[in-house]
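Chemist: any chance you can model this:
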Amino acid sequence: MSEQRARHIAVIHGPNLNLLGRREPEIYGHTTLDEINEALVSAAAARNVEVSTFQSNYEGAIVDEVQLRGWESFGIIINAGALTHYSVALRDALAAVPASAIEIHISNTLQREEFRHHSVIGPVCTGSIAGLGPSGYLLALHYLLDRLDIEEQGSDE
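Modeler: This next block holds a predicted model:
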């Protein structure tokens, strides 16, 4: 694993997540996307890891970001929004890159509409976190940071 890939985690947000804090606060809460990103960057910096953040409402742009970051990052934290349920292109991009991906959902998708119960990206992700609000992002980050520490300790032997 290259040093560049080892010390970076990509956070990718899908459609409508730019509206967090205003969009359906009864479901998604009042935390903004900027607040989530700032918390992630700060927590990672405390462990000497860089975090990049990206949001788009366009499937192709998100696929491009996965293809770019998935080769240089240790891990990807992705909230694909509605793309979770139908984007085979995103699923294939996540499967193609070496970075481990953690799927995030702010709401508990299993308590929502039936079409939200299935994830096409879940099977190619290392894990999924749903229903824990914005703290799910930090849980995913800490998981990846702990895995990074374990890998780096193993490479020193």
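Chemist: so where is the protein shaky, pLDDT-wise?
Modeler: The model of the chain has pLDDT under 70 over residues 1-6, 110-113, 115-117, 155-157.
Chemist: do a quick rundown of the strands in it.
Modeler: Remark: strands assigned in the chain by DSSP state E are 8-13, 50-55, 75-79, 100-105, 127-130.
Chemist: just the ones you listed: most buried one?
Modeler: Sort the strands of the chain by mean neighbour count, taking mean count of other Cβ atoms under 10 Å, and strand 75-79 sits at the top with a mean of 26. In this view, the C-beta of every residue, glycine as well, is placed from N, C-alpha and C.
Chemist: before we move on, back to that, now render the strands of the chain as CSV, adding distance to I62.
Modeler: Formatted as CSV, the strands of the chain follow (distance: least, Cβ to Cβ, whole Å):
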stretch, distance to I62
strand 8-13, 6
strand 50-55, 8
strand 75-79, 8
strand 100-105, 12
strand 127-130, 17
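Chemist: select, out of those, the one closest to L144.
Modeler: strand 75-79 (3.9 Å; Cβ to Cβ).
Chemist: neighbouring strands for the closest one, and are they parallel or not?
Modeler: The strands beside strand 75-79 in its sheet (DSSP bridges) come out as strand 8-13 (parallel), strand 100-105 (parallel).
Chemist: so that strand versus strand 50-55, what angle?
Modeler: Using axes from the mean of the first three to the mean of the last three Cα atoms, to 10 degrees, one finds that strand 75-79 and strand 50-55 are set 30 degrees apart in direction.
Chemist: let's see strand 75-79 as CSV, backbone CA atoms only.
Modeler: Taking C-alpha atoms only, strand 75-79 is exported to CSV below (Å, rounded to 0.1, in the frame of the first residue of the first chain):
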residue,chain,number,x,y,z
GLY,A,75,-11.2,4.1,2.5
ILE,A,76,-14.3,5.7,1.2
ILE,A,77,-17.3,6.7,3.4
ILE,A,78,-20.3,7.0,1.0
ASN,A,79,-23.8,8.2,1.5
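Chemist: what's in contact with that strand?
Modeler: 9-14, 17, 40, 66, 69-70, 94, 97, 99-106, 121, 125-126, 137, 140-141, 144, 147-148 (Cβ atoms under 8 Å, 6 or more residues apart in numbering).
Chemist: sorry, back to before: make TSV out of the strands paired with strand 75-79 and add distance to A45.
Modeler: Below are the strands paired with strand 75-79 laid out as TSV (distance: least, Cβ to Cβ, whole Å):
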stretch	distance to A45
strand 8-13	11
strand 100-105	19
